[in-house]
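S.K.: Next input, structure requested:
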Amino acid sequence: MKEMSKNIILIGRPDSEKAAIGKIISEKLGFKFVDTDQGSGGEEYNKFARSKCTVISTEADVIKSHPDIKGLRENGVVIFIDNKGQLKDEKHEIHRKCCDLHLVNDNNIDEIVFYICSLWGLNTIS
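M.R.: Prediction:
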């Protein structure tokens, strides 16, 4: 992960804690944070998708249906936050196919935050 200004796009089910993880990462890296599950979608999402240094928490369906998927993927890294023991269904497979990196949340958000921040060059979770 040499491009530290790329967006971090977190996808996963609503109970994956992707928004909580995204908020912590954005604070640690000094990035903007957008949660499209909380009504920030459409034009606002497109604006942030074209920006740099943004953490975006969203559903895989948004990534899959984005009109400029190539541009979105070039400007961001899609990380699937999966739950340990999650039922593996069609939605799970969509998430897996859309991601660049698949991480399992086994109820330790700090480990996930530390790992993602370390990819962007920040080696601390304090």
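S.K.: What is the neighbour count of residue 15?
M.R.: Per other CB atoms under 10 Å, the neighbour tally for residue 15 reads 9. All C-beta spots, glycine's among them, are computed from the backbone N, C-alpha and C.
S.K.: now do the one 4 residues further on
M.R.: Counted with other CB under 10 Å, the neighbours of residue 19 add up to 21.
S.K.: separation between it and residue 35?
M.R.: 5 Å (CB to CB, to the nearest Å).
S.K.: what touches both of those two?
M.R.: residue 57 (CB atoms under 8 Å, 6 or more residues apart in numbering).
S.K.: mind listing what's buried in stretch 25-40?
M.R.: 25, 26, 28, 29, 31, 33, 34, 35, 36, 40 (16 or more other CB atoms under 10 Å).
S.K.: repeat for stretch 77-92
M.R.: Buried, per 16+ other CB under 10 Å, within stretch 77-92: 77, 78, 79, 80, 81, 82, 83, 86, 92.
S.K.: contacts for the longest strand belonging to the chain?
M.R.: Counting residues, the longest strand found in the chain (DSSP state E) is strand 76-83. Residues outside strand 76-83 that contact it (CB under 8 Å, 6+ apart) are 1, 6-13, 15-18, 21, 49, 54, 56, 60, 63, 92, 95-96, 98-105, 112, 116, 119.
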